[in-house]
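**Student:** Starting from these lines, generate the structure:
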Amino acid sequence: MQQSPLYNTRKLSPATKGALESLIGRALHDNETVSVRTYQAHEAPSAEVREGALDGLKQLFAQTDKQLEDVPKEEHEEAIEEALRSVRPTYRPVK
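**Tutor:** Residues are numbered from 1 along each chain as shown. Sure, this is the predicted structure:
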């Protein structure tokens, strides 16, 4: 696992603090902590790989739709709303 050192903004040099403020687009406050992480870039998947993933998703969705053919639309909506409320208790449907 990659280390992510933490830096107290109060202890940063003016040049470092200025560079970070330029990157994040706002002033840093003395009571903040900054963490810097780096990642190796990689090429985006090829068009073939993306199309294959999309085809797989379409097949999965088609199977799910087929399994739900006999379930009334209202039950679909109720199940979705119940799931949303379980992770976001303050969720209210827009109707």
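
**Student:** which outside residues touch the lengthiest helix in the chain?
**Tutor:** Among the segments of the chain that qualify as a helix by DSSP state H, the longest is helix 47-67. Helix 47-67 is contacted by residues P45 when judged by Cβ atoms under 8 Å, 6 or more residues apart in numbering. Glycine gets a C-beta too; all of them are placed from N, C-alpha and C.

**Student:** what mean pLDDT does it have?
**Tutor:** Averaged over helix 47-67, pLDDT sits at 96.

**Student:** 10 is where my numbering starts, stick with that
**Tutor:** OK, 10 is where the count begins now, so the last one is helix 56-76.

**Student:** and that helix, C-alpha only, in PDB?
**Tutor:** C-alpha atoms of helix 56-76 as PDB (Å, rounded to 0.1, in the frame of the first residue of the first chain):
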ATOM      1  CA  ALA A  56     -12.100   0.600 -28.200                       C
ATOM      2  CA  GLU A  57     -12.400  -3.200 -28.400                       C
ATOM      3  CA  VAL A  58     -12.100  -3.600 -24.700                       C
ATOM      4  CA  ARG A  59     -14.600  -0.800 -24.000                       C
ATOM      5  CA  GLU A  60     -17.100  -2.300 -26.500                       C
ATOM      6  CA  GLY A  61     -16.700  -5.800 -24.900                       C
ATOM      7  CA  ALA A  62     -17.400  -4.300 -21.400                       C
ATOM      8  CA  LEU A  63     -20.400  -2.500 -22.800                       C
ATOM      9  CA  ASP A  64     -21.700  -5.700 -24.400                       C
ATOM     10  CA  GLY A  65     -21.300  -7.500 -21.200                       C
ATOM     11  CA  LEU A  66     -23.300  -4.900 -19.300                       C
ATOM     12  CA  LYS A  67     -26.000  -4.900 -21.900                       C
ATOM     13  CA  GLN A  68     -26.300  -8.700 -21.500                       C
ATOM     14  CA  LEU A  69     -26.400  -8.400 -17.800                       C
ATOM     15  CA  PHE A  70     -29.100  -5.800 -17.900                       C
ATOM     16  CA  ALA A  71     -31.100  -7.800 -20.400                       C
ATOM     17  CA  GLN A  72     -31.000 -10.800 -18.100                       C
ATOM     18  CA  THR A  73     -32.200  -8.700 -15.200                       C
ATOM     19  CA  ASP A  74     -35.000  -7.200 -17.200                       C
ATOM     20  CA  LYS A  75     -36.100 -10.700 -18.300                       C
ATOM     21  CA  GLN A  76     -36.200 -11.800 -14.600                       C
END
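
**Student:** Okay then, goodbye and thanks.
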